[in-house]
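Chemist: Sequence and computational prediction follow.
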Amino acid sequence: MLKSFPPVVGPQTRILIVGSMPGQASLDAQQYYAHPRNQFWRIIFDVFEGGRTPQNYADKKAVILKHGLGLWDSLAACRRTGSLDADITHQTPNNFPALLRRFPHIHTLLFNGAAAFTFYKRAFGLPPCTFFQLPSTSPAHASRSYEDKKALWQAALQRARILQ
């Protein structure tokens, strides 16, 4: 069984970004979105940090928290060969009801791709708060350009921040 990571959340977290399950590169590095071609950190640093290059994983997590964001995955554990969401079986969801009770200021969930939303919805139904399903930042989902993905993520982040 593969196991996901603990959430990256804090008292300032208002928007929770929800992935599906870390890919093999992330599991090996023990870091969210560690695959070098995953566009997640590039989008975050372009939107919030003027495009600067992150120094390390601690810097990445600090930026997320500084801007009222958090990270977690729909799944706590699963079986999967490789890194594709389509190959996931034997899913165990993370306990979102408990997390949202513990951090009641989280008002928006941003799902990083269709699989993240599907796994969440299968376990819990629709979220009890505002949510957006966004295009996956994974290198396996190259049907949209980086600029298109960034524009969609930036628009959702702006809408979510307005909801505060």
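Modeler: Perfect, I can see it now.

Chemist: Based on its surroundings, how many neighbours for the closest residue to Asn94 other than its chain neighbours?
Modeler: Spatial nearest neighbour of Asn94, excluding adjacent residues (Cβ to Cβ, 6 or more residues apart in numbering): Ala76 at 4.5 Å. Any C-beta I mention is one placed from the backbone N, CA and C, and that applies to glycine too. Ala76 sits with 18 neighbouring residues when counted by other Cβ atoms under 10 Å.

Chemist: isn't there a strand covering Leu157?
Modeler: No: Leu157 is assigned helix when assessed by DSSP: H, G, I helix; E, B strand; the rest coil, not a strand.

Chemist: and it, what does it touch?
Modeler: Taking Cβ atoms under 8 Å, 6 or more residues apart in numbering, we find Leu157 in contact with 15, 47, 110.

Chemist: Rebuild the residues you listed as TSV, extending it with neighbour count, secondary structure and distance to Lys60.
Modeler: Shown next, in TSV, are the contacts of Leu157 (neighbours: other Cβ atoms under 10 Å; DSSP: H, G, I helix; E, B strand; the rest coil; distance: Cβ to Cβ, whole Å):
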residue	neighbour count	secondary structure	distance to Lys60
Ile15	24	strand	16
Val47	15	helix	13
Leu110	23	strand	16
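
Chemist: Please render these as CSV that adds pLDDT and distance to Asp59 to the earlier fields.
Modeler: Output for those, formatted as CSV (pLDDT from 0 to 100; distance: Cβ to Cβ, whole Å):
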residue, pLDDT, distance to Asp59
Ile15, 97, 19
Val47, 96, 15
Leu110, 98, 21
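
Chemist: Leu27: which of these is nearest?
Modeler: Distance to Leu27 across these (Cβ to Cβ) is lowest for Leu110, with 21.9 Å.

Chemist: can you pull the contacts of the closest one?
Modeler: By Cβ under 8 Å, 6+ apart, the neighbours of Leu110 are 15-18, 131-132, 134, 153, 156-157, 160.

Chemist: Least confident of the residues you listed?
Modeler: Least confident of these in the model: Ala160, at 90.

Chemist: Next secondary structure after the helix or strand of the chain at the bottom of the mean pLDDT ranking?
Modeler: Lowest on mean pLDDT, DSSP states H and E among the helices and strands of the chain sits strand 89-93, with a mean of 90. Scanning forward in sequence from strand 89-93 by DSSP states H and E, the next helix or strand is helix 96-102.

Chemist: What lies in contact with the host helix or strand of Trp72?
Modeler: Element membership for Trp72, per DSSP H and E: strand 69-73. Contact with strand 69-73 is made by 4-5, 7-10, 13-22, 32, 44, 64, 94, 96, 99, 103, 106, 116, as judged by Cβ under 8 Å, 6+ apart.
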